[in-house]
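Asker: Below are the sequence and a predicted model; questions follow.
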Amino acid sequence: MAKIVKPLTDTEIKKAKYTSKEDFEKLKKIAKQNNLPEPKLSNKLSDGQGLYLVIRENGTKFFQFDFVHIGKRKSMSFGIYPDISLKEARELREKAKEQLKQNINPIEAKNSDFEDITTFKYITEKWLKLMTSEWKAVTYELNENRLKIHVYPSIGDKDISSIEILDILKIIQKLQEKEYFEIAERILNVIERIYKYAVTYGYTKHNIIADIDKRTVFAKKIVTHRATLTKEKEIKELLKDIKSYGELYKADISTIYALNITPYLALRPYNIRFLQWNEVNFEKEYLDIPANKMKTNKDFVLPLSKQALEILKAIKPYSFDKSKYVFPSPTSNLKPFSDATLNHALMKLGYKDKITSHGFRAMFSTTAHEKIKEHGFHSDIIESCLAHAETNKIKAAYNRESKMKYYDEKKELMQWYADWLDKLISI
């Protein structure tokens with residue numbers, strides 16, 4: 001005769017606490033001394049018919065459904081209590097039982113009621129909420145966008161327990177094929193943290209990323225300098241191609257103007273992409289970028305050349321009153337254009353493997369250093385325009401002036417460089 005299990009109550013669930021092995025042994029000893037029935041370890045409480053409340057050492061409680069499908073024992077999480085109530089967990093159990101009667105594995109069932117509870121995307125979004133207090137806003141947005149673009153299309157709607165190592169490797173390999181080696185490594189590290197969260201809160205039993213040999217996965221990575229152009233003839237042709245990009249290809253306004261301003265700024269691609277209107281000071285003619293958006297974690301002021309100002313004024317009617325971003329996405333004014341946009345535009349112009357959006361910084365640095373006798377500014381001014389951190393520790397200790405340090409010199413250098421670029425085109 002099957003054992004009858006007394007259903008759980010909300011009161012029992014609220015009072016239930018994690019019992020360690022040491023405490024359990026103490027309870028057994030006390031029960032034996034007082035001739036009481038031997039206690040049962042209460043970290044997995046049964047509600048009957050395969051539904052359990054599991055209690056983790058950190059106090060987290062979640063509903064777990066154990067079942068047998070094609071002769072194999074399986075488990076799936078219904079979610080964390082009290083986000084999922086006892087009533088909702090029972091309804092999900094009945095739904096799963098109906099699917100099992102039809103020989104359907106509820107974990108793998110498409111369009112089931114479990115998709116919003118145990119899918120990779122759902123779990124990731126819960127984890128991301130926790131990261132708002134750990135990450136800077138720009139880091140959060142960067143990782144969230146990478147997950148949306150590179151991960152969700154492949155595994156976002158899959159139950160996390162059904163995802164296999166091969167599914168993860170396909171995501172990484174696709175990025176490696178595009179030579180996005182750094183992004184691939186960062187994404188794998190983020191996925192690993194998501195799995196640790198999922199294991200901790202009972203969404204899955206095993207962190208499959210722990211089984212991946214990262215040294216082997218990234219063994220083919222080739223460390224190279226970012227592609228750039230430094231010969232005047234090549235730079236001249238590049239600038240002419242950039243200016244004709246809008247006529248040659250059907251492109252959105254943000255891409256056209258971002259591509260045209262990039263040579264004049266020598267900013268990191270991230271700072272161009274996430275440039276906001278409140279960072280543009282038209283009156284004083286400079287960009288004022290806050291520390292939390294800079295690689296050096298220091299506020300950065302970059303004087304604007306007349307050419308750069310003209311481009312910013314030209315795009316102002318298109319985005320100033322519509323988006324906080326100077327170069328918004330063509331699909332949504334709430335976000336900037338994608339991180340691959342500029343590189344894709346350069347590839348269309350025929351510059352694949354010749355220059356990347358980051359290569360414009362190297363172009364500026366090389367040109368400015370080679371022509372110091374022409375503009376008259378020393379290396380510290382050039383490095384300051386690039387927002388490079390001081391590598392000399394002793395020098396850095398005495399170099400804590402404000403963000404306006406070298407401002408006048410930087411303004412003259414950026415204007416000299418803009419004029420030099422324009423002169424190339426006119427020759």
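Answerer: It's in. Residues are numbered from 1 along each chain as shown.
Asker: quick one: low-confidence parts of this structure?
Answerer: For the chain, the stretches with pLDDT under 70 are 1-3, 39-41, 109-117, 179, 219-226, 389-401.
Asker: The residue most central in space within the chain: which element?
Answerer: Centroid-nearest residue in the chain: N143, 0.8 Å away (criterion: Cα atoms, centre = their mean). When elements are defined using DSSP states H and E, N143 is found to belong to helix 137-146.
Asker: For that helix, which helices and strands make contact with it?
Answerer: Contact partners of helix 137-146 among helices and strands, from 3 or more Cβ pairs under 8 Å, 6 or more residues apart in numbering; DSSP states H and E: helix 120-131, helix 181-200. C-beta: built from backbone N, CA, C; applies to glycine.
Asker: ok, and for the shortest one, which residues are buried?
Answerer: Within helix 120-131, the residues scored as buried using 16 or more other Cβ atoms under 10 Å are 120-124, 126-128.
Asker: quick one: contacts of that helix?
Answerer: Among residues not part of helix 120-131, those counted as contacts by Cβ atoms under 8 Å, 6 or more residues apart in numbering are 115-116, 140, 143-144, 147, 151-152, 155-160, 163, 193-194, 197-198, 203.
Asker: Would you show me how to pick out the buried ones of the residues you listed in PyMOL?
Answerer: What follows is the PyMOL syntax selecting those of the contacts of helix 120-131 that are buried according to 16+ other Cβ under 10 Å:
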select buried, resi 140+143+144+147+151+155+158+159+160+163+194+197+198+203
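Asker: tell me the secondary structure for V54?
Answerer: strand (DSSP: H, G, I helix; E, B strand; the rest coil).
Asker: show me what contacts it?
Answerer: Contacts of V54 (Cβ under 8 Å, 6+ apart): 43-44, 61-64, 202.
Asker: how far away is it from K205?
Answerer: Counting by Cβ to Cβ, to the nearest Å, the gap from V54 to K205 is 11 Å.
Asker: got it, and V326?
Answerer: 47 Å.
Asker: now Q276
Answerer: For Q276, the distance to K205 - Cβ to Cβ - is 44 Å.
Asker: These two: which is more packed in?
Answerer: The residue with the greater number of neighbours, taking Q276 and K205 and applying other Cβ atoms under 10 Å, is Q276; the counts read 16 against 11.
Asker: That one touches P328, doesn't it?
Answerer: No. With contact defined as Cβ atoms under 8 Å, Q276 does not count as touching P328 (10.2 Å).
Asker: For P330, list the residues it contacts.
Answerer: Here P330 is in contact with 252, 254-255, 337 (criterion: Cβ under 8 Å, 6+ apart).
Asker: which of those tops the neighbour count?
Answerer: S254 (22 neighbours).
Asker: measure it to I311 for me?
Answerer: 12 Å.
Asker: Now for A345: which residues touch it?
Answerer: 245, 249, 251, 255, 259.
Asker: Considering the residues you listed, which possesses the most neighbours?
Answerer: L259 (23 neighbours).
Asker: I figured it hits I242, correct?
Answerer: Yes. Judged on Cβ under 8 Å, L259 makes contact with I242 at a distance of 5.5 Å.
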